[in-house]
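K.L.:
Sharing a model prediction with you, sequence too.
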Amino acid sequence: MNEIHSYALKIKPLLLRLGIVFCSLNAARVLFYISNRAAFAKAGIVDFFYGSWIDLVTICLYFFPFIIIEIFPLPLRIQSQKEKIQAIHFHFIHFLLLVLNLMDVEYFKFTNKRTTSDLFSTFSESSDFNHLLLPYLLEFWWLSIVLIGLFWGSIYLFQKTKSVTDHPFSWVHVGMNWIIILPLVIVIGRGGFGLKPISTLDVSRYCQTEQVPLVLNTPFSMLKSIGKAPLEYLHFLPLKTEQRQFNPIQTSRPANILPEKQNVVILILESFGSEFTGEDAQPTSYAPFFDSLCKASLFFDFGIANGRKSIEALPAVIGSMPSWMDDPFITSPYCNNQQMTLPKILKKQGYSSAFFHSANNGSMRFDSYASLAGFDHYFGRNEYGNDAHFNGIWGIWDGYFNPWAARKMSALRTPFFCTLFTISSHHPYTIPSNRKNKVMQGPQPICAAINYSDWALKQFFDVAKKQSWYKNTLFVLVADHTPPSTHPLFGSKQWMYRIPIVFYHPSGKLQVKKEQNFLQQIDIMPTLLDILNVKTTFYGFGKSYFQGQTGKGMTYLEGTYHLFYNQHMAVFKDKHVTNLYNVRSPQGVHIDSLGKKKQTLSKYLIGFKALMQRYNRDLIDNKTFQR
């Protein structure tokens with residue numbers, strides 16, 4: 001009995017110290033929930049319970065060396081320094097866990113997922129990190145205070161739980177460590193007795209899809225995504241069945257609506273989601289000029305962004321290449337696969353091309369990808385050449401860059417294909433001093449930024465209308481993704497991909513219509529080829545609106561596919577559908593109707609499985625092109 005009591009005293013400091021970390025991780029989750037509660041409307045106490053389990057797993061993984069030092073006998077010369085070694089290890093790892101968790105308290109609003117290791121690949125290969133770090137720290141200063149408070153508290157409590165170093169050595173204690181503590185730590189670190197250690201995907205078994213980010217913590221997501229193979233072969237369907245359902249090698253069909261050799265300008269509008277534009281905006285639209293273009297265009301009211309990040313939008317729009325994996329396509333191992341893109345296809349038709357992005361050169365690797373995609377020219381902040389118009393973070397304000405880009409297009413050989421990616425409606429929403437008192441204000445800072453970007457869009461068209469090429473140009477306007485939202489509807493998985501997609505031609509020959517069917521970003525390239533009367537064979541995962549094959553969409557987030565068809569969105573994970581929602585009905589968007597629609601869904605599901613299966617195989621085998 002004395003031996004057991006002695007052992008309990010010896011192991012108590014270890015348990016108390018790990019308890020400090022456990023409490024801080026739970027505190028971070030509560031803060032995460034409070035800051036993002038609109039995204040977790042159905043969260044319950046059981047989600048926090050499972051979250052605590054993930055915290056225990058995380059502690060065993062990150063603090064395994066700390067635990068080993070505590071429970072195993074050490075040489076005398078090291079034993080005397082053990083407390084110092086443990087203190088350094090404990091405080092360093094704990095500080096890292098706090099930083100990662102608190103970072104996602106606000107960053108989650110932009111991605112709707114826990115941050116994974118792809119953050120490092122994105123920022124390490126672009127110039128954005130240095131520009132974004134200080135503004136992030138300044139805007140969310142209160143997180144720094146929370147970080148300091150939690151870290152200081154952990155230092156204080158750590159000192160109150162000094163390790164027992166003067167207790168007599170006992171092989172009984174060592175044996176109990178081997179028999180009890182070490183196996184327990186290994187089992188918890190693996191997440192149980194399963195054949196494979198627990199992964200982020202396994203978390204979806206414990207909760208509804210919407211609550212997965214709440215149950216997870218960022219250190220766990222980071223660790224589990226390091227070195228992870230982005231894709232694996234899928235075997236949902238026999239090869240012949242897959243080929244009957246979907247083939248990315250397609251043939252365009254001239255729509256014969258517009259004359260031959262029309263210029264094309266795609267405007268990818270930063271964060272122009274449907275929450276702040278159009279008739280369904282909440283509480284009102286902050287983009288009156290954009291809305292006026294929608295009314296004069298072929299307008300898709302419920303367009304679908306194929307991702308949650310700007311870096312995912314560009315390949316989807318100009319190459320019909322989605323990011324149906326954990327990494328954005330541009331930073332994935334497959335970014336150098338052979339690809340068919342609009343610049344490459346149209347070059348064979350005699351088009352010149354240019355990509356305009358007013359951000360810092362190197363931002364999101366867009367300059368490198370533009371070259372890979374086949375653009376003849378790239379124009380960024382450096383090419384603009386006037387840093388008096390630099391917004392201090394991302395690049396040149398839209399109000400200056402947009403009209404400059406319109407004039408620059410006049411120097412291109414016609415017909416031309418151009419893409420302009422705007423930036424001013426991106427967080428942290430800076431507005432030039434000469435426009436601050438002229439923009440519409442709203443309940444969120446982004447409202448004024450959207451309004452400024454809308455004004456800047458008008459400046460582009462005001463200049464473009466004076467150019468000789470304007471009347472022979474097809475304009476496509478599409479949001480890159482939806483913005484962060486505090487609205488229960490627009491923050492839901494069902495509506496967080498909803499964006500406007502617009503096809504506008506000054507001649508009015510293109511049908512003016514508000515189209516109710518879904519159109520996703522990857523459908524833009526096939527649709528454009530038909531409008532331009534280009535007869536060609538190409539590779540793409542989207543379908544042309546003019547061939548009557550659209551009306552569907554698919555997105556991917558944290559191991560879960562969201563499948564859009566007719567009026568519904570199905571949630572597909574772990575190889576089966578778990579939920580089904582009517583996304584056209586605001587009243588019923590949160591009502592799961594899977595039980596009533598299961599038979600109807602099955603005929604669509606086979607087509608989506610064919611898409612998933614072909615996508616993974618072709619990216620792995622580098623067959624993302626037409627030979």
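P.N.:
Nice, I can see it.
K.L.:
If I look at the most centrally placed residue in the chain, what pLDDT would I see?
P.N.:
Among the residues of the chain, residue 308 comes closest to the average C-alpha position under CA atoms, centre = their mean, at 3.6 Å. Per-residue pLDDT puts residue 308 at 92.
K.L.:
for the one 10 residues further on, same thing?
P.N.:
With respect to pLDDT, residue 318 has a value of 97.
K.L.:
for the one 5 residues further on, same thing?
P.N.:
With respect to pLDDT, residue 323 scores 95.
K.L.:
what's the burial count for it?
P.N.:
By the criterion of other CB atoms under 10 Å, residue 323 has 26 neighbours. Quick note: C-beta positions are derived from backbone N, CA and C, even for glycine.
K.L.:
got the buried residues for stretch 372-387?
P.N.:
Within stretch 372-387, the residues that qualify as buried by neighbour count (16 or more other CB atoms under 10 Å) are 372, 373, 374, 375, 376, 377, 378, 379, 380, 381, 383, 384.
K.L.:
Look at the residue nearest to the centre of the chain and tell me its secondary structure.
P.N.:
Using DSSP: H, G, I helix; E, B strand; the rest coil, the structure places residue 308 in coil.
K.L.:
Would you map the helices across the stretch 501-627 of the chain?
P.N.:
With DSSP state H, counting those that start in this stretch applied, the stretch 501-627 of the chain shows helices at 524-531, 594-620, listed in chain order.
K.L.:
so residue 223 makes contact with residue 62?
P.N.:
Yes - if you go by CB atoms under 8 Å, residue 223 and residue 62 touch, sitting 7.4 Å apart.
K.L.:
on that earlier part again, residues touching the residue nearest to the centre of the chain, list them.
P.N.:
Counting by CB atoms under 8 Å, 6 or more residues apart in numbering, residue 308 touches 110, 111, 112, 113, 481, 482, 496, 497, 557.
K.L.:
Spit out the contact partners of the last one.
P.N.:
Contacts here follow CB under 8 Å, 6+ apart; on that basis residue 557 touches 112, 113, 308, 493.
K.L.:
Retrieve the pLDDT associated with it.
P.N.:
90.
K.L.:
and what of the third one?
P.N.:
According to the per-residue confidence, residue 112 scores 76 in pLDDT.
K.L.:
same check, this time on residue 119
P.N.:
Residue 119 carries a pLDDT score of 68 in this model.
K.L.:
Then residue 591?
P.N.:
With respect to pLDDT, residue 591 has a value of 85.
K.L.:
hey, where'd the helices end up in the stretch 301-450 of the chain?
P.N.:
Secondary structure of the stretch 301-450 of the chain (DSSP H, counting those that start in this stretch): helices located at 310-319, 342-347, 366-373, 381-384, 398-409, 445-464.
K.L.:
quick revisit: can you redo the contacts of residue 557 as JSON lines with secondary structure and distance to residue 441?
P.N.:
Shown next, in JSON lines, are the contacts of residue 557 (DSSP: H, G, I helix; E, B strand; the rest coil; distance: CB to CB, whole Å):
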{"residue": "112", "secondary structure": "coil", "distance to residue 441": "26"}
{"residue": "113", "secondary structure": "coil", "distance to residue 441": "30"}
{"residue": "308", "secondary structure": "coil", "distance to residue 441": "26"}
{"residue": "493", "secondary structure": "coil", "distance to residue 441": "29"}
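K.L.:
out of those residues, which one sits closest to residue 232?
P.N.:
residue 113 (19.7 Å; CB to CB).
K.L.:
That closest one reaches residue 213, doesn't it?
P.N.:
Yes - with contact defined as CB under 8 Å, residue 113 and residue 213 form a contacting pair (5.9 Å).
K.L.:
In terms of neighbours, single out the busier of those two.
P.N.:
For residue 113 and residue 213, the more surrounded residue by other CB under 10 Å is residue 213, and the numbers stand at 27 against 21.
K.L.:
quick one: that one from residue 98, how far?
P.N.:
Residue 213 sits at a distance of 18 Å from residue 98 (criterion: CB to CB, to the nearest Å).
K.L.:
Ok, residue 27 next?
P.N.:
Relative to residue 98, residue 27 is positioned 9 Å away (criterion: CB to CB).
K.L.:
do residue 85 as well
P.N.:
For residue 85, the distance to residue 98 under the criterion CB to CB works out to 21 Å.
K.L.:
In terms of secondary structure, what does the longest helix anywhere in the chain contact?
P.N.:
Looking across the chain with DSSP state H, the single longest helix is helix 2-35. Under the contact criterion of 3 or more CB pairs under 8 Å, 6 or more residues apart in numbering; DSSP states H and E, the helices and strands touching helix 2-35 comprise helix 45-62, helix 64-71, helix 82-111, helix 141-159, helix 171-176, helix 212-215.
K.L.:
Now with 10 Å, please.
P.N.:
Counting contacts by 3 or more CB pairs under 10 Å, 6 or more residues apart in numbering; DSSP states H and E, the secondary-structure elements packed against helix 2-35 are helix 45-62, helix 64-71, helix 82-111, helix 141-159, helix 171-176, helix 212-215, helix 218-225.
K.L.:
And that helix, what's buried?
P.N.:
Buried residues in helix 2-35, counted by 16+ other CB under 10 Å: 6-7, 10-11, 13-14, 17-18, 20-22, 24-25, 27-29, 31-33, 35.
K.L.:
for the nearest residue to residue 350 once chain neighbours are set aside, what are its contacts?
P.N.:
In space, and not counting its chain neighbours, residue 350 is closest to residue 415: 6.7 Å by CB to CB, 6 or more residues apart in numbering. If a contact means CB atoms under 10 Å, 6 or more residues apart in numbering, then residue 415 has 260-264, 346, 349-353, 469, 472-473, 532 as its contacts.
K.L.:
Weed out the non-buried ones from those residues.
P.N.:
For those, a burial check counting by 16+ other CB under 10 Å picks out 262, 263, 264, 346, 349, 351, 352, 353, 469, 472, 473, 532.
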